[in-house]
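Q: quick one: sequence plus predicted model below, questions after.
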Amino acid sequence: MSENQLLVIENDENERNKLITILEFLDHGEVIESDCQNWGEVWSSSGAVTAIIVGKCDDDQRTSILSEIQVQDNGIPVLLLVNDTKEEQKWKESAGSNTIEFVPQPLKHHTLNNALQRIIKASGRQPANRKGHQSMELFRSLVGNSRGISQISKLIDQVADSDANVLILGESGTGKEVVARNLHYKSVRSSKPFVPVNCGAIPADLLESELFGHEKGAFTGAISARQGRFEMAQGGTLFLDEIGDMSLAMQVKLLRVLQEKTFERVGSNKSIRADVRIIAATHRNLEESIKEGNFREDLFYRLNVFPIEMPPLRERVEDVPLLLNELIARFEHEGRGSVRLTPAAVIALCQYDWPGNVRELSNLVERLIILYPYGVADVHDLPDKFQVEGVSSNPDQPIPVIPDSILPDTRIDNSPRLPRNGIDLKEHLTTLEANFIKQALDECGGVVAHAANMLGMRRTTLVEKMRKLGLQRAETEVG
């Protein structure tokens, strides 16, 4: 039995099936169904229900359903489908203490999705993680179909089960720690600790104690013995982030540990065996640092057994739509809200240089969630630096090329957007119709009969439309 279930109560079987199709598409969990008469039995025999959606029922049945829900579980969120605001007002008085939302018909995917998210969050009943879903924390920056990310994934698979030292290179914010975590969790050491330490964030005089630990009284303030990161990571993986910021004195001590596989706590002469796999990362060019005398060449070669270079986001902009979906999903997963983006907004973001890489993209998504909670952000809603000349919310704007793998995902709102200044609808529809007819004629080599079949209309109707729109028939057409 699924841990997350939505109960749909609807008398009309056709409408019920349509609603179920939409809910399965939105992927909020397993959908169970019932008519307005037998819903109580279905509910009682099901597992944990996340929310209840009530569609077309007689007024008496709907009143009975709402009353019984309050008796059985007065905290469960309820979503009512209504025809207009008058009907919504009528049923507000029957809501009781339940968290309730009203969704107008005909249904729209994003409206239903946003309403479900709001009521589930407001009720405090966040759905449990479904089995088989990958850790959002672990994989969020390794999402992409680009050649660069595909190569990174291949390298991870090749070296994961080895104990070879790995050096991850790349600009800040590209996801170097995510690569390190993937290396650990795909290795034979995955059941042991993954211990990260930022070598650039710890003062040089404290880094030795942080890495190797210390004994009581080893220095002023050492009031008790303390384990270092090497001991904490025994049997697992130690991730040394920003290794390029480590002082030369500490580099010597780290090199000794890598060579001898042993270390001592500060203030002790007892050797401790280091059964640890080392993964290091830096945004610096270590070969340049060696020339400048800031990094030891022998340590570099110890660490650089298997280098992995993370590409900057500007070199894999085709991954931006996928990353947007993954980041929004992570915020939803953490219960921190959600937002949707229009195609025009995605176009603009795909044309930005992203100096802060994935971290900057994550910060933008979080900002949009705060500004437009459970809403839709268009291109004009983006901060000024993301505004791109020639990209607008105009319906004639081309839709961005988005990978097929994310087209079903509702985090990118592909519904047409009405410009702020309005639109001449008749003119727009005429232009749209002419464009489609031109495309059909081009694809059919100018043969009107074939183009009519493609457009689902009679040949004579198409000929008349072409006459009105001033489109010329192909001279080569026969009959």
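A: Noted; the coordinates are in hand. Residues are numbered from 1 along each chain as shown.
Q: alpha carbons only for contacts and neighbour counts from here, please
A: Will do.
Q: those strands in the stretch 51-200 of the chain, which residues are they?
A: For the stretch 51-200 of the chain, applying DSSP state E, counting those that start in this stretch gives strands covering 78-82, 100-104, 166-169, 194-198.
Q: could you identify which of those strands is most buried?
A: Per residue and on average, the most neighbours among the strands of the stretch 51-200 of the chain fall to strand 166-169, with a mean of 24 (mean count of other CA atoms under 10 Å).
Q: so what touches that one?
A: Residues from elsewhere that reach strand 166-169 (CA atoms under 8 Å, 6 or more residues apart in numbering): 176, 179-180, 278-284, 303-310.
Q: helix or strand: which one has the closest residue to Ile32 other than its chain neighbours?
A: Closest residue in space to Ile32, ignoring its immediate chain neighbours: Leu7 at 5.0 Å, by CA to CA, 6 or more residues apart in numbering. In this assignment (DSSP states H and E), Leu7 forms part of strand 5-9.
Q: list the buried residues of the helix or strand just after that strand.
A: Per DSSP H and E, the first helix or strand lying C-terminal to strand 5-9 is helix 13-26. For helix 13-26, burial by neighbour count (16 or more other CA atoms under 10 Å) applies to Arg16, Leu19, Ile20, Leu23, Leu26.
Q: switch the strands of the stretch 51-200 of the chain over to CSV; also include distance to Glu443 and mean pLDDT.
A: Listed next are the strands of the stretch 51-200 of the chain as CSV, based on distance: least, CA to CA, whole Å; pLDDT from 0 to 100:
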stretch, distance to Glu443, mean pLDDT
strand 78-82, 43, 85
strand 100-104, 40, 81
strand 166-169, 48, 96
strand 194-198, 57, 91
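Q: and the strand holding Leu7, what does it pack against?
A: Strand 5-9 sits against helix 13-26, strand 30-34, strand 49-54, with contacts defined as 3 or more CA pairs under 8 Å, 6 or more residues apart in numbering; DSSP states H and E.
Q: and with 7 Å instead?
A: For strand 5-9, the packing partners by 3 or more CA pairs under 7 Å, 6 or more residues apart in numbering; DSSP states H and E come out as strand 30-34, strand 49-54.
Q: now, of these, which is deepest in the fold?
A: Using mean count of other CA under 10 Å, strand 49-54 ranks as the most buried of those, with a mean of 23.
Q: orientation of that strand relative to strand 5-9 in degrees?
A: Angle, strand 49-54 to strand 5-9, by axes from the mean of the first three to the mean of the last three CA atoms, to 10 degrees: 20 degrees.
Q: renumber starting at 486 from here on
A: Sure thing, new numbering starts at 486, so read that last one as strand 534-539.
Q: what does the strand holding Leu492 contact?
A: 514-521, 524, 533-540 (CA atoms under 7 Å, 6 or more residues apart in numbering).
Q: if we go to 10 Å?
A: By CA atoms under 10 Å, 6 or more residues apart in numbering, the residues outside strand 490-494 that reach it are 501-502, 504-505, 508-509, 513-525, 527-528, 531-542, 547, 550, 563-565, 601, 612.
Q: export the strands of the stretch 536-685 of the chain to TSV and tack on distance to Glu918?
A: Converted to TSV, the strands of the stretch 536-685 of the chain look like this (distance: least, CA to CA, whole Å):
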stretch	distance to Glu918
strand 563-567	34
strand 585-589	30
strand 651-654	51
strand 679-683	58
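Q: which one of the ones you listed lies closest to Ala925?
A: strand 585-589 (36.0 Å; CA to CA).
Q: ranges for the helices of the stretch 586-735 of the chain?
A: 594-608, 621-624, 632-644, 661-670, 689-697, 714-717, 733-745 (DSSP state H, counting those that start in this stretch).
Q: any idea how far Leu856 is from the residue sitting nearest the centre point of the chain?
A: What sits nearest the mean C-alpha location of the chain, by CA atoms, centre = their mean, is Glu811, with 1.2 Å. According to CA to CA, to the nearest Å, Glu811 stands 19 Å off from Leu856.
Q: one more: Leu739?
A: 46 Å.
Q: with Phe780 instead?
A: 44 Å.
Q: compare neighbour counts for the two and give me the winner.
A: Phe780 (21 against 13; other CA atoms under 10 Å).
Q: could I get the pLDDT score of the nearest residue to the more buried one once chain neighbours are set aside?
A: Leaving aside its chain neighbours, Phe780 sits nearest to Ser774 (5.4 Å; criterion: CA to CA, 6+ apart). For Ser774, the model assigns a pLDDT of 95.
Q: give me the buried positions along the helix or strand hosting Ser774.
A: For Ser774, the host element (DSSP H and E) is helix 771-776. Residues of helix 771-776 classed as buried: Leu771 (neighbour count, 16+ other CA under 10 Å).
Q: and it, how far from the chain's centre?
A: Its chain's average C-alpha position is 37 Å from that of helix 771-776, according to CA atoms, centre = their mean, to the nearest Å.
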